[in-house]
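**Q** Here's my sequence, what's the structure:
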Amino acid sequence: MLVPAGKGKKPALDMLDLPRHAREVLGLSGLTLSTDLLAGADRARLEAIRERADRAGAACLLLVEYDPQNFGSTKDADVTAATTRARKVVEAAQILGCSAAAIKVAAPDDDAALVRVAAALKPVVERAEKLDINLLISPHDGLTSKSERVTELLKKVGGFRIGTYPDFQSAAGSSKPVDYLHRLTPYATGVCATTVKLTDPLDDLPAPKPSKKLAEPAAAAKPAKGKGKPDETKIEADEAATPGGTLKKGKKAATPPPVEVAEVEDDEIDDIDDEELDAEIAALMGEALDDDLPPKLVALRHEPYDLFPLVEAIAAVGYDGPLAVDYRGTGDLTEGIIKSRDTLLALILRAKDKTAG
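**A** Sure, this is the predicted structure:
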């Protein structure tokens with residue numbers, strides 16, 4: 001929708017209208033942008049996108065570099081070009097109000113390349129630290145295809161602003177998908193929930209356990225309001241970014257305060273509507289209820305690989321950051337994104353319930 005259908009034609013959706021589309025049509029509360037969609041954008045354009053995103057309640061969270069950068073090259077010119085490009089992506093991410101920028105590292109999987117890449121990434125991370133941006137390593141062939149090599153790279157680079165951007169599809173392609181996510185997610189401030197083909201509803205997935213408190217004749221407490229949009233990040237870049245073409249170690253989710261349920265008479269039970277009960281269930285499970293969540297969440301079967309173990313894996317390490325919906329299938333893409341969103345939400349609730357129980 002953002003790319004022109006042909007020469008001389010305008011795209012179906014302007015980038016400035018994307019935040020409202022994401023919020024109102026797709027039901028999403030944030031944006032992950034790729035640099036190929038921002039080709040030729042100047043500082044004023046990036047600031048306009050940020051303003052629209054904040055106003056729509058779908059803030060820009062992550063900027064992903066579309067092309068792999070040749071940090072592993074033995075040629076100084078290649079490494080300089082990769083470093084320059086990565087710095088510009090970091091600066092553009094800061095102007096957009098993102099908390100992180102993700103890049104792919106092109107390098108062979110050997111120790112010499114590991115040393116070269118770490119040395120080349122250090123000045124990029126230093127720039128990211130000054131702008132309060134996290135630099136994330138996206139999965140790619142070669143050096144960063146294995147989770148253990150990625151963590152080695154993070155240790156060699158050092159600092160609190162270097163981390164990971166794990167991808168469900170990459171995890172599923174590894175020999176041990178769950179271990180892959182267990183190793184990389186603690187360093188992530190963003191996880192890419194890739195989906196390809198969603199079919200019939202799952203019938204072998206256990207439903208969330210009912211609350212014991214709700215099983216008694218008690219009225220539900222008022223639902224907790226959903227989280228607001230992220231605080232606006234001040235623009236402090238001293239250079240204009242012209243794109244062409246998050247990282248502290250993950251922390252455990254905070255334990256939510258107990259929810260008090262008031263006792264009521266039996267004849268007051270009829271006054272409790274289903275929406276209040278749904279809100280109470282969400283609160284008791286430690287969820288901050290978002291008013292925009294669909295009333296009925298149906299988990300669909302994902303044919304290429306099972307999504308539930310992957311969702312369980314990131315929940316098990318206490319991940320509580322953004323989960324990017326990345327539908328890479330065919331057909332109606334809007335429908336694919338919405339089905340992916342609902343499926344992921346349903347699986348997250350079950351994973352949290354299983355972890356708590």
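
**Q** ok, so what distance separates residue 124 from residue 82?
**A** Using CB to CB, to the nearest Å, we find residue 124 at a distance of 9 Å from residue 82. (Glycine included, C-beta is placed from N, CA and C.)

**Q** Check residue 331 too.
**A** For residue 331 relative to residue 82 (CB to CB), the value is 36 Å.

**Q** higher neighbour count, those two?
**A** Higher neighbour count among residue 331 and residue 82: residue 82, with 26 against 9, using other CB atoms under 10 Å.

**Q** Can you tell me the SS state at the more buried one?
**A** Put simply, residue 82 is helix when judged by DSSP: H, G, I helix; E, B strand; the rest coil.

**Q** And the pLDDT at the closest residue in space to it that isn't next to it in sequence?
**A** Distances taken as CB to CB, 6 or more residues apart in numbering place residue 69 nearest to residue 82, at 3.8 Å, with adjacent residues excluded. For residue 69, the model assigns a pLDDT of 98.

**Q** Could you give the bridge partners of residue 69?
**A** Taking DSSP bridges, one finds residue 105 as the beta-bridge partners of residue 69.

**Q** how close does it sit to residue 101?
**A** Counting by CB to CB, the gap from residue 69 to residue 101 is 12 Å.

**Q** if I look at these two, which residues touch both of them?
**A** Applying CB atoms under 8 Å, 6 or more residues apart in numbering, one finds that residue 69 and residue 101 are jointly contacted by residue 86.

**Q** And the two? Which one has more around it.
**A** The neighbour count for residue 69 versus residue 101, taken as other CB under 10 Å, is higher for residue 101 (29 against 26).

**Q** right, and that one touches residue 132 too?
**A** No. With contact defined as CB atoms under 8 Å, residue 101 does not count as touching residue 132 (11.6 Å).

**Q** that older thread, ok, the residue nearest to residue 82 - contacts?
**A** Residues counted as contacts of residue 69 (CB under 8 Å, 6+ apart) are 81, 82, 85, 86, 103, 104, 105, 106.

**Q** Neighbour-wise, give me the winner out of those residues.
**A** Compared across the contacts of residue 69, residue 103 has the highest neighbour count, 28 neighbours, by other CB under 10 Å.

**Q** Name the nearest residue to that residue, ignoring sequence neighbours.
**A** Per CB to CB, 6+ apart, closest to residue 103 is residue 65, 4.4 Å.

**Q** so how far is the host helix or strand of residue 171 off the chain centroid?
**A** Counting by DSSP states H and E, the element that carries residue 171 is helix 168-172. Offset of helix 168-172 from its chain centre (CA atoms, centre = their mean, to the nearest Å): 14 Å.

**Q** In PDB, could you pull the C-alpha coordinates for it?
**A** Output of helix 168-172 as PDB, limited to C-alpha atoms (Å, rounded to 0.1, in the frame of the first residue of the first chain):
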ATOM      1  CA  PHE A 168      10.300 -16.200  14.900                       C
ATOM      2  CA  GLN A 169      11.000 -17.500  11.400                       C
ATOM      3  CA  SER A 170      14.800 -17.500  12.000                       C
ATOM      4  CA  ALA A 171      14.200 -19.300  15.300                       C
ATOM      5  CA  ALA A 172      12.000 -21.900  13.700                       C
END
